[in-house]
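1. Next come a sequence and a model predicted from it.
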Amino acid sequence: MKAKQMLRLVLPAAICMLILPGLVQADIYLKYKQRTDAFEIMGQKQPARETVRETWIARDMIRTDEGPQTMIMRIDKKQIYLMDNQAKTYSEFPMDMQEMARQAIEEDQEMSSQEKEEAKDFVEGMMEGMSEFSVTVEDTGQTKKIGPWNCRKYVQTTNTAMGPSETELWATKDIDLDYDLLHRMAAASMMMMPGMQESMDDFVKEMKKIDGVTVYSVSTSAMMDAEIRTTQDLLDYSDQKTGKGFYTVPENYMKETR
């Protein structure tokens, strides 16, 4: 497994932790359009990509669908399930990014012992970089209407040893959510990030400055000498009742072996 393959495994989970929306007693459904501009990282050119991400949130459970892929986060079980809905297969990982990567390496039958050691060293270095994590949020006081929502502008700055990122986001309180539970859920989810246990109180304090649900955001990140720009637009929102088993892997899906 090459370093870029480890990035594909670990980075989506990290990004997901930073864009979690809210939570109420009924399940919440949020639909976003996300576009990432073309960039090059570790010698690999990545084309521009536009996707639609649908997220459902219940107490202690989150499901995200993006194309044929589904990620289910079970905070109550401290487990993450990644599903390929076309192949009807799934992978299961502990809700700990370092342990997730270690497990994936150990289970990869195509890697030699030396390649596994190199991959573990790469992941350890990445995790050490991510552990130097801090977030600050500035309320700019600027307001404007985006679609049907009255929004307020915030600037979120995130720093890690891997590089800084800055997100300009517009949030609204026109959507009725339990915002206290929103921040608690985001904090619980962030526990999988290395080093977050020590800085959790500071993280929650900063995130509470964002008063509402993000309607639009544009984020610029510097990572390994690459600049990654991502925009996100809220397309739809509703309270939804989901069926039994919605936050579990279907019984006819086969566990993937690597």
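-> Structure received. All values reported here derive from a predicted model rather than from experimental measurement.

2. all contacts plus neighbour counts: C-alpha atoms, from now on.
-> OK.

3. end to end, how far does stretch 204-211 reach?
-> Terminal residues of stretch 204-211 lie 13 Å apart, using CA to CA, to the nearest Å.

4. any idea how far residue 249 is from residue 76?
-> 15 Å.

5. what sits against residue 169?
-> If you count contacts by CA atoms under 8 Å, 6 or more residues apart in numbering, residue 169 has them with 153, 154, 155, 156, 214, 215, 216, 217, 218.

6. thinking the last one is in contact with residue 230, fair?
-> Yes - look at residue 218 against residue 230 with CA atoms under 8 Å: they come within range, at 5.7 Å.

7. host element of residue 119?
-> Take DSSP states H and E as the rule and residue 119 turns out to sit in helix 113-131.

8. Just the residues contacting the following helix or strand past that helix, thanks.
-> Taking DSSP H and E as the definition, the helix or strand that follows helix 113-131 towards the C-terminus is strand 134-146. Outside strand 134-146, the residues within contact range by CA under 8 Å, 6+ apart are 150-160, 199, 203, 206-207, 209-210, 215.

9. List the buried residues of the next helix or strand after strand 134-146.
-> Using DSSP H and E, the helix or strand that follows strand 134-146 towards the C-terminus is strand 149-160. By neighbour count, and taking 16 or more other CA atoms under 10 Å as the criterion, the buried residues in strand 149-160 are 150, 151, 152, 153, 154, 155, 156, 157, 158, 159, 160.

10. Just the buried positions in the helix or strand harbouring residue 234, please.
-> Applying DSSP H and E as the criterion places residue 234 in strand 226-240. Of the residues in strand 226-240, those scored as buried under the neighbour-count criterion (16+ other CA under 10 Å) are 227, 228, 229, 230, 231, 232, 233, 234, 239.
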